[in-house]
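In: got a sequence here, can you model it:
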Amino acid sequence: MNPEALQSIMLAVAEGRSMEVILRQIVEGIAEKSTAALVRLWLVAPGDLCAECALRSECPDQTRCLHLVASAGRSQAGDEEYSRVNGTFRRIPLGARKIGRIAATGEALLAADVKPEDPWVANPQWITTEKVRSFAGQPVVFRGEVLGVLGVFERARLAAADFEALRVFANHAAVAIANLRAFLEIDQLRHRLEQENAYLQEEIKTALDFGGLVGRSAPLQKVLQQIDLVARTEATVLILGESGVGKELIARAIHERSGRARRPLIKVNCGAIPENLFESEMFGHAKGAFTGAVKDRAGRFELADGGTLFLDEVGEIPLALQTKLLRVLQERQFERVGEDRTRHADVRIVAATNRDLKREVEAGRFRRDLFYRLSVFPIEVPPLRERRADIPLLAAHFLEQAAKKMNLKPRRLSDEQARLLSEYAWPGNIRELQNVIERAVILSQNGPLRLDYLPGAAEAPSPIQRPAPEAVVADGPEFLTRAELRQREAENIRAALAKTHGKVFGPGGAAEALGMKGTTLASRIKALGLKRS
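Out: Predicted coordinates:
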């Protein structure tokens, strides 16, 4: 093992741009340019295979250990495969055996005259068969931190000069490994920031489009009080309410009032993720994990680390995948698809659904334990028909917003228009109101504000009108039963489907006309037993 040979290996290692390539060059370079029987490199990493580790009983705390990451050599018998890294010593506890002690103390070890009967020899028969005469173990150290251990089993007797040359080589290898780790970490952070930026840009757009929490009605004030109570805690929140009531705005308000406000709020539309991509979307994947996985990708849990993860339409998650989600919620640990490294995420969960999850649990479509895990602090958002006092305020807000977006002069609602809006049932809730106001601004750019279109009231020449006298209750305000509301919603969706010839998604589809998400509309169609034709 001459210094010139090690120097040529150092140059090759220094030029490496892949961790796998660098580690392989270290061990293969020494094996090819020496009489070594076996060269191995272990790196310090978190414990991950404790349940099946052969040396578990020797491990002091099972939090960190040495991972075998590269191996090379030439067998005398010719039947040994020395490049594999999954044998008995693929994990070595810190402080255990000779390799573990080198890592724990940071002190090199030279056994210039190895004998099969030596007490530290784990396999005397192998020492004899491979004619091993010397062993050298060098800690791989960078800036005082032990990154791992380089071990060489030599058939020749190692001199002090060989041992010193190996120490210099180990130090160069440590610099190469540390530098590449830094480059990879910077690249991962850059990629993560790009993804976070894309999510945040979408969140900003959504927030501006939806207008924020506007209103002063008693039901809304109750919700705001609940937000203030729970925001400062780390409790999991389940937001319940019909489609279009503003559940996402409630989630954003909780996040912005919490101690996690400086970290991102990452939104996941659970109903829009295909079942076969759910794990990849939520937990990320490694390069080559499946067809199309051309590079490593962080999942939503990883992106939300330190922040809040908003699981919208959580009731849409397939039953088979609810178990995997429950495990992450309980342990805050996950693995990317195609990777065996366990990752940790400090994430607060806020979930939302328009389904009756208790009924879903009883029907066996939603796990009971996941329901209880999510519903630590439930918040029920009232529909717009129960917040009639807020309708004029919301309409005025959307009117001002639409005028700014179209560079038009500010518009105002007349008292009659405000009253007509307040008397409508709004099955599509706030989202439907926003769409109606925007259409009114578009239709009346060069004239007085016209409110002459309202989905679900096609039977009348003017969709916005006061209720018929017989529909008014003499001793109180107008109301509808749950069955009547369900029937009204079904009629409304049928009318939209008829107008769009059964098209649900995309431009010109029923979802766009109703002002709701396509996945939400699809779930309502299914729940109401409707057909698209």
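In: state the three-state secondary structure for residue 496.
Out: Here residue 496 is helix, with the state taken from DSSP: H, G, I helix; E, B strand; the rest coil.
In: pretty sure it sits against residue 516.
Out: No - using C-beta atoms under 8 Å, residue 496 is not in contact with residue 516, being 9.7 Å away. Yep, even glycine has a C-beta here, placed from its N, CA and C like the rest.
In: neighbours around residue 449, how many?
Out: 16 (other C-beta atoms under 10 Å).
In: do you know how far it is from residue 284?
Out: Separation of residue 449 from residue 284 (C-beta to C-beta, to the nearest Å) stands at 49 Å.
In: try residue 82
Out: 33 Å.
In: quick one: which of these two has more around it?
Out: Higher neighbour count among residue 82 and residue 284: residue 284, with 24 against 20, using other C-beta under 10 Å.
In: for the more buried one, give me phi and psi.
Out: phi 90, psi 170 (degrees, to the nearest 10).
In: who's in contact with it?
Out: 296, 297, 298, 299, 301, 302, 336, 337 (C-beta atoms under 8 Å, 6 or more residues apart in numbering).
In: what helix or strand is the residue nearest to residue 414 when sequence neighbours are not counted on?
Out: Closest residue to residue 414 apart from its sequence neighbours, by C-beta to C-beta, 6 or more residues apart in numbering: residue 449 at 7.7 Å. Using DSSP states H and E, residue 449 sits within no helix or strand.
In: in this structure residue 449 contacts residue 441, no?
Out: Yes - with contacts counted by C-beta under 8 Å, residue 449 reaches residue 441, the gap being 7.4 Å.
In: any shared contact partners between those two?
Out: Common neighbours of residue 449 and residue 441 (C-beta under 8 Å, 6+ apart) are 399, 411.
In: just for the stretch 1-150 of the chain, where's the confidence low?
Out: Scanning the stretch 1-150 of the chain for pLDDT under 70 picks out 1-17, 77-80.
In: how near is residue 99 to residue 72?
Out: For residue 99, the distance to residue 72 - C-beta to C-beta - is 16 Å.
In: same question for residue 49.
Out: For residue 49, the distance to residue 72 equals 22 Å [C-beta to C-beta].
In: repeat for residue 353
Out: Going from residue 353 to residue 72 by C-beta to C-beta gives 54 Å.
In: just to revisit the earlier point, so between residue 49 and residue 72, which is more surrounded?
Out: Applying other C-beta under 10 Å to residue 49 and residue 72 shows that residue 72 carries more neighbours, namely 20 against 14.
In: can you tell me the helix or strand for the more buried one?
Out: Here residue 72 is assigned to strand 64-73, by DSSP H and E.
In: so which residues make contact with that strand?
Out: 23-24, 26-28, 30-31, 36-48, 53, 59, 80, 82-85, 87, 89-94, 99-100, 103, 148-149, 153.
In: can you flag the buried ones in the residues you listed?
Out: 23-24, 26-28, 30-31, 36-44, 47, 53, 59, 80, 82, 85, 89-94, 99-100, 103, 148-149, 153 (16 or more other C-beta atoms under 10 Å).
In: spit out the contact partners of the residue nearest to residue 414.
Out: 399, 411, 412, 413, 414, 417, 440, 441.
In: got it, and residue 432?
Out: If a contact means C-beta under 8 Å, 6+ apart, then residue 432 has 244, 426, 455, 514, 515, 516 as its contacts.
In: what number of residues lie near the spatially closest residue to residue 26 that is not a sequence neighbour?
Out: Closest residue to residue 26 apart from its sequence neighbours, by C-beta to C-beta, 6+ apart: residue 173 at 5.3 Å. Residues contacting residue 173 under the criterion other C-beta under 10 Å number 28.
In: and residue 173, what element?
Out: Take DSSP H and E as the rule and residue 173 turns out to sit in helix 160-210.
In: and if you look at residue 150?
Out: Following DSSP H and E, one finds residue 150 within strand 145-154.
In: list the buried residues in that strand.
Out: For strand 145-154, by 16+ other C-beta under 10 Å, it's 146, 147, 148, 149, 150, 151, 152, 153, 154.
In: what would those residues look like in CSV with distance to residue 319?
Out: Converted to CSV, the buried residues of strand 145-154 look like this (distance: C-beta to C-beta, whole Å):
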residue, distance to residue 319
146, 47
147, 44
148, 43
149, 47
150, 49
151, 49
152, 53
153, 53
154, 58
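In: closest one of those to residue 220?
Out: The nearest member of these to residue 220, counting by C-beta to C-beta, is residue 147 at 56.3 Å.
In: list the contacts for the closest one?
Out: Here residue 147 is in contact with 43, 44, 140, 141, 174, 177, 178 (criterion: C-beta under 8 Å, 6+ apart).
In: do you know the pLDDT at the fifth one?
Out: According to the model's per-residue confidence, residue 174 sits at a pLDDT of 86.
In: now the closest residue to residue 259 other than its chain neighbours: how far from residue 250?
Out: Among residues not flanking residue 259 along the chain, residue 232 sits closest, at 7.2 Å (C-beta to C-beta, 6+ apart). Distance, residue 232 to residue 250, by C-beta to C-beta: 15 Å.
In: likewise residue 394?
Out: If you go by C-beta to C-beta, the gap between residue 394 and residue 250 works out to 15 Å.
In: next: residue 361.
Out: 22 Å.
In: domain parsing for this protein?
Out: Domains of the chain are assigned by automatic domain parsing as 3-184, 211-380, 388-478, 480-533.
In: out of those, nearest to residue 191?
Out: domain 211-380 (7.1 Å).
In: what mean pLDDT does that closest one get?
Out: 89.
In: and residue 361 and residue 250? which has more neighbours close in?
Out: Legend: neighbour count by other C-beta under 10 Å for residue 361 and residue 250, higher for residue 250 (23 against 16).
In: before we move on, which element is the closest residue to the more buried one other than its chain neighbours in?
Out: Excluding the flanking residues, the one nearest residue 250 by C-beta to C-beta, 6+ apart is residue 239, at 5.2 Å. In this structure, residue 239 is located in strand 237-240 according to DSSP H and E.
In: downstream of that strand, the next helix or strand is which one?
Out: Immediately after strand 237-240, counting by DSSP H and E, sits helix 247-256.
In: so what touches that following helix?
Out: 203, 206-207, 210, 212-213, 223-224, 227, 230-231, 237, 239-241, 261, 265, 267, 307-308, 310, 312, 348, 350, 352, 354, 379, 381.
In: that one: which residues count as buried?
Out: Using 16+ other C-beta under 10 Å as the test for burial, helix 247-256 gives 247, 248, 249, 250, 251, 252, 253, 254, 255.
In: and for stretch 427-446?
Out: 427-441.
In: and residue 322, what is it in contact with?
Out: Residue 322 neighbours (C-beta under 8 Å, 6+ apart): 366, 367, 370.
In: other SSEs contacting the host helix or strand of the last one?
Out: Spelled out, that is residue 370. Using DSSP H and E, residue 370 maps to helix 368-374. Other elements packing on helix 368-374 under the criterion 3 or more C-beta pairs under 8 Å, 6 or more residues apart in numbering; DSSP states H and E are helix 319-331, helix 357-362.
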